[in-house]
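Student: Mind looking at a prediction? Sequence and model below.
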Amino acid sequence: MPSNELAAGPPVPVTPTTSAAEDVIHDIGFRHYDGARFGRGWIVRSLLVETVRGIFGLGRPAKSKIMPWVLFGILMLPPLIIALWVILTGGKDLPLSYTGYLSSMQFVISLFVAGAAPYCVSRDLRHGVIPLYLSRPMKRSDYALAKFGGLSIGLFLVLAVPETLLLLGAVLAKLSIGHQLAGWAGGIAISAILALALSSVGLVIAAFTPRRGLGVAAIVTTLLVASGMSFVLSGIAEQKGYLKLSDYVAMLDPFRLVDGLAVAWFGVSSSSSTAPPPGALGGTVFALVAAALVGGGVAILVRRYRKVGVV
Amino acid sequence: MNRVVMHLTVRGLFGRRRAVLLVILPVLLLLLAALTRWASGGDPTASAGLTGGFAMGTVVPLMCLLVGTGVIGPEIDDGSIVYLLAKPLPRRTILLSKLVVALAAALVFAVLPAMASAAIAGDQGMRLTMAFGVTAALAAITYTTIFVALSVVTRNAVIVGLLYALVWETLLGGYVPGVRDVSVRQWALAPAEQLLGTRAAEWGVTSVVSVTVGLALLAATTVAAAVLAVRRLQTLRLTTGD
């Protein structure tokens, strides 16, 4: 919130600023400022940093910290338990692959996205402060991209930390380092793609729902229903003998989409009963769909912010 | 009950494009039911699987959550509830009016689709439809009351509600047997098991509790949630924040 800039102070005579290179109204009659002004890049950077911090409740009241950290804690539990289990029993491999972990925690990850995405955009829309952002040397697309980048980074951190914890457990249990490192790298890559895909889905929905509660519900519903639909449709297609169709329907669910990418690129076994995607063609199709999901989401977001805030 | 409050609540729930969100899920459920019929040829076991799994496990809790948190949550969230609370109306009346609207909406958007799903996907003499109708209605009443209470108690009502409905009931219930005893879904399934009689086991409609226990727990939970909601609304603190 830009309210800090409007902090009360002794009335100072208004002097026209001449130093500003861009056509920006800096002095709106409150308090005079002579210091250095950082440009557009710095504003985008600040917005990005504030978004990432806000996702974890940093710089927000204690109440806002509860949910992100509870969900983060739930996400950290399985790696801790698995690591302990492997160390104590002296197993030969992790009972869960690095990418399989993402699918098995699908629901909690969905909830985290649903909590974080409306926080990023809904309040600014609801309180009509977008024009205040835009009165600075920042473009509309900068705002949308900064929010998208912030949510993606936040989400990636949430996924990458448990992955690294899994690796740490594997290393402590003296499993073969090379094999584990390769698996971990794959898990990190898939986490990044999943973070981008979920951010685009979540932000697009949140950007159209100024009410926070409604946005949370809409995002969770979308992700759950997409997942449920893809499983039921897969099952029906399999029952009817359309095995290829059954594998491709998995693309409806972002989690099964990235799971398919993991199968195609890193050769891990699929975490769902079906085995997507079939062959090299399937891998390409899955990759294209993932790219289209992220690209399409960002395009809709930028389009949405071309008009928003103009009353 | 107060008609004006109910009217305002209905407008808040269905106004603008919000009704679309409420229609999408039931429509998807019916589409899946039609597909299931096509795939399995109207087999009651497959029908019971879809209705007992996807409809009772996902659609009914989600719809009750959307409706239950939608009738009062947004107003508390943006603080406009004060205009309602400032009126010379008992808070009990305000809450019960909103609860009645929520229950009616849950009946239309959760219970009827669940029944239709059983009827479309395959049934024998409407027995499955009736059984799931009773189950869905009981579950919807309890879920909706719980979620209304939850949205008065906490601002994270949607996330807490989802954690309960899906992580507790669906995920943990599958692994930890004790969890299943404390589950609205299991309590509501008990009457269905009784109604289906000998067919229940054959079609896979089973509950872990008996009918008396199930109904008693449902009633107790519903009343407790309603009382809690009224009590919390009487001492509501509006906190500013994000």
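Tutor: In hand now; what should we look at?
Student: for chain B, which helix is longest?
Tutor: In chain B, with assignment by DSSP state H, the single longest helix is helix B:127-153.
Student: Report all helices and strands that it contacts.
Tutor: helix B:44-50, helix B:60-70, helix B:73-78, helix B:91-106, helix B:112-121, helix B:157-162, helix B:184-196, helix B:211-234 (3 or more C-beta pairs under 8 Å, 6 or more residues apart in numbering or on different chains; DSSP states H and E). (C-beta placed from N, C-alpha, C; glycine too.)
Student: any chance of those helices in a markdown table, plus mean neighbour count?
Tutor: Output for these, formatted as a markdown table (neighbours: other C-beta atoms under 10 Å in any protein chain shown):
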| stretch | mean neighbour count |
| --- | --- |
| helix B:44-50 | 22 |
| helix B:60-70 | 28 |
| helix B:73-78 | 20 |
| helix B:91-106 | 21 |
| helix B:112-121 | 24 |
| helix B:157-162 | 25 |
| helix B:184-196 | 23 |
| helix B:211-234 | 17 |
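Student: looking at those, which is closest to residue B:20?
Tutor: Residue B:20 lies closest, by C-beta to C-beta, to one member of the helices and strands packed on helix B:127-153: helix B:60-70, at 11.5 Å.
Student: Show me what that closest one is packed against.
Tutor: In this structure, helix B:60-70 packs against helix A:212-239, helix B:3-14, helix B:18-40, helix B:91-106, helix B:127-153, helix B:157-162, with contacts taken as 3+ C-beta pairs under 8 Å, 6+ apart.
Student: can you list the residues of chain B near chain A?
Tutor: Residues of chain B lying close to chain A (C-beta under 8 Å from any C-beta of the partner chain) are B:18, B:21, B:24-25, B:28, B:32, B:35-36, B:38-40, B:50, B:54, B:58, B:62, B:65-66, B:69-70, B:73-74, B:77-78, B:151, B:155-159, B:162-163, B:166-167, B:171, B:239, B:241-242.
Student: can you tell me how far the residue of chain B most remote from its centre sits from chain A?
Tutor: Distance from the centre of chain B peaks at residue B:88, with 30.9 Å (C-alpha atoms, centre = their mean). Per C-beta to the nearest C-beta, to the nearest Å, residue B:88 is found 28 Å from chain A.
Student: phi, psi of residue A:240?
Tutor: Main-chain dihedrals, residue A:240, degrees, to the nearest 10: phi -80, psi 0.
Student: At which residues are the helices of chain A located?
Tutor: Listed in chain order (using DSSP H), the helices of chain A are A:40-55, A:62-89, A:98-104, A:106-126, A:130-134, A:140-172, A:177-207, A:212-239, A:243-248, A:254-266, A:279-307.
Student: Tell me which of those lies nearest to chain B.
Tutor: Nearest to chain B among the helices of chain A is helix A:212-239 (4.3 Å), distances taken as C-beta to the nearest C-beta.
Student: tell me the angle the closest one makes with helix B:18-40.
Tutor: Counting by axes from the mean of the first three to the mean of the last three C-alpha atoms, to 10 degrees, helix A:212-239 lies at 10 degrees to helix B:18-40.
Student: Isn't residue B:30 up against residue B:118?
Tutor: No. Applying C-beta atoms under 8 Å as the test, residue B:30 and residue B:118 come out as separate, 11.0 Å apart.
Student: For the residue farthest from the centre of chain B, report the pLDDT, please.
Tutor: Confidence at residue B:88, expressed as pLDDT, is 91.
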